[in-house]
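Engineer: need a 3D model of the sequence below.
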Amino acid sequence: MAVVESGSVNIQSIVRLSTVMNRNKLLSLLGEMPTKAELNLKVHEEVDCGSFIRQKISYSSEIGEIIPAFLCIPKHTLTSLPAIYCFHQHAGNWQRGKSEVVGLAGSPDQAYAKELAERGYVTLAPDAICFEERAKLDDPIRYHVHQLHTRLMSEKTLLGKVLFDICAGIDLLENLPEVDATRIGFIGHSYGGRTALFVPAFDKRIKASVSNCGSTTFKTMLVQDTGIQFDYVIPDFLKWGDIEDVVRLVEPCNLLILGTDDDRWSRNIEEIYEYAKSAFIQGELERQVYAGKHCFSEEMRERAYKFLDKHLN
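Structural biologist: As a prediction, this is how the structure comes out:
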């Protein structure tokens, strides 16, 4: 995971202005959003994967930008289906994004879009900005930093752009005839796991979200050996709250936070849960910590899938 190193930060000097961040403050911290464009969905190829069809597609989030993605649609269904937006990991590899979560590259433990399609979900797996087909592979780190800096210089954030692009993907899922628009979920590991904490606070159409190995708070990242990923540099954020305050804004979405006991990106799960659980009235907040390092094991994925089944299927 690429990060901005914290250097010598005096975390105690950060004055928190509010004990609980509200959603309007979160939106303002994310900065001005782009202007939405027509989706302009195009299907470039189809592959029969047995129980589902995998389509290579593209669509737009803002004018002049194309988002490549894989869309997996189960076969032989007579009713509309729940859908899951599947967000890929980072792992310091800008060449790999959507292809890993559909099982075409990388680790089989990351192929959750494929596995969920086999369970009967429509799954969408796009490239996040700066990854795979949206990367500049001759110098991916410089390009990623450029995407951050150009936004910060105009009172925008890269995270705002990431979340905006996810909303376009939710728009796409809502408009597919195979999808029940009232049953849309989200899942991610690592970079995707942290995103899974933010996106249901940003887009209230998401009914269930699973975060795996992405729970460490900003304050912990600043004072320990973690650093902060480019996409999560948000000016003034810690004056108003931290990850646990965002989790409180997820409700009424149902949220499962998973992690491991030997992973620097999984810290603070218990603290987040204890702080945020009182905010969950309609939705459910669950957590579980497994033994191990930074991973999305078969056992962890099965726990995630059962949670999604419970709330979407």
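
Engineer: need the contact list for the nearest residue to residue 241 once chain neighbours are set aside.
Structural biologist: Distance criterion CB to CB, 6 or more residues apart in numbering; nearest residue to residue 241, sequence neighbours excluded, is residue 21 at 3.5 Å. To be clear about C-beta, it is placed using only N, CA and C from the backbone, and glycine gets the same treatment. By CB atoms under 8 Å, 6 or more residues apart in numbering, the contact list for residue 21 reads 240, 241, 245, 246, 248, 249.

Engineer: centre of the chain to the lengthiest strand in the chain, how far?
Structural biologist: Identified as the longest strand of the chain according to DSSP state E is strand 179-189. In terms of CA atoms, centre = their mean, to the nearest Å, the centre of strand 179-189 is found 12 Å from the chain centre.

Engineer: can you give me the buried ones in that strand?
Structural biologist: 179, 180, 183, 184, 185, 186, 187, 188, 189 (16 or more other CB atoms under 10 Å).

Engineer: helices or strands next to that strand in the packing?
Structural biologist: Contact analysis of strand 179-189 by 3 or more CB pairs under 8 Å, 6 or more residues apart in numbering; DSSP states H and E lists strand 81-87, helix 112-118, helix 158-174, helix 191-202, strand 208-212, helix 298-312 as its packing neighbours.

Engineer: could these be laid out in JSON lines, adding mean pLDDT and distance to residue 64?
Structural biologist: Output for the helices and strands packed on strand 179-189, formatted as JSON lines (pLDDT from 0 to 100; distance: least, CB to CB, whole Å):
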{"stretch": "strand 81-87", "mean pLDDT": "97", "distance to residue 64": "23"}
{"stretch": "helix 112-118", "mean pLDDT": "98", "distance to residue 64": "27"}
{"stretch": "helix 158-174", "mean pLDDT": "97", "distance to residue 64": "13"}
{"stretch": "helix 191-202", "mean pLDDT": "97", "distance to residue 64": "23"}
{"stretch": "strand 208-212", "mean pLDDT": "98", "distance to residue 64": "30"}
{"stretch": "helix 298-312", "mean pLDDT": "98", "distance to residue 64": "34"}
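
Engineer: show the contacting residues for residue 174.
Structural biologist: If you count contacts by CB under 8 Å, 6+ apart, then residue 174 has 181, 184, 205 around it.

Engineer: now for the second one: which residues touch it?
Structural biologist: It refers to residue 184. 82, 83, 84, 85, 170, 173, 174, 205, 206, 207, 312.

Engineer: one more time with 10 Å
Structural biologist: Applying CB atoms under 10 Å, 6 or more residues apart in numbering to residue 184 gives the contacts 82-85, 121-122, 124, 169-170, 173-174, 203, 205-208, 312.

Engineer: and what of the last one?
Structural biologist: Residue 205 is in contact with 167, 170, 171, 173, 174, 181, 182, 184, 186, 199, 253, counting by CB under 10 Å, 6+ apart.

Engineer: pretty sure it is in a strand, no?
Structural biologist: No: counting by DSSP: H, G, I helix; E, B strand; the rest coil, residue 205 is not found in a strand; it is coil.

Engineer: coming back round to it: export only the CA atoms of the longest strand of the chain, formatted as PDB.
Structural biologist: Taking C-alpha atoms only, strand 179-189 is exported to PDB below (Å, rounded to 0.1, in the frame of the first residue of the first chain):
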ATOM      1  CA  VAL A 179     -30.400  -5.900 -10.400                       C
ATOM      2  CA  ASP A 180     -32.700  -5.200  -7.600                       C
ATOM      3  CA  ALA A 181     -31.800  -1.600  -6.800                       C
ATOM      4  CA  THR A 182     -32.900  -1.900  -3.200                       C
ATOM      5  CA  ARG A 183     -30.200  -4.600  -2.500                       C
ATOM      6  CA  ILE A 184     -26.800  -3.200  -3.300                       C
ATOM      7  CA  GLY A 185     -23.700  -3.900  -1.200                       C
ATOM      8  CA  PHE A 186     -20.000  -3.200  -1.200                       C
ATOM      9  CA  ILE A 187     -16.900  -5.200  -0.300                       C
ATOM     10  CA  GLY A 188     -13.200  -4.500  -0.200                       C
ATOM     11  CA  HIS A 189      -9.800  -5.600   1.200                       C
END
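
Engineer: what lines up beside it in the sheet?
Structural biologist: strand 81-87 (parallel), strand 208-212 (parallel) (DSSP bridges).

Engineer: the buried residues of strand 179-189: which two are farthest apart?
Structural biologist: With distance counted by CB to CB, no two of those lie farther apart than 180 and 189, which are 25.1 Å apart.

Engineer: related to what we said a few turns ago, please spell out the ChimeraX selection for the buried subset of the contacts of residue 184.
Structural biologist: Only the buried entries of the contacts of residue 184 go into this ChimeraX selection, using 16+ other CB under 10 Å:
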select :82,83,84,85,121,122,124,169,170,173,203,205,206,207,208,312
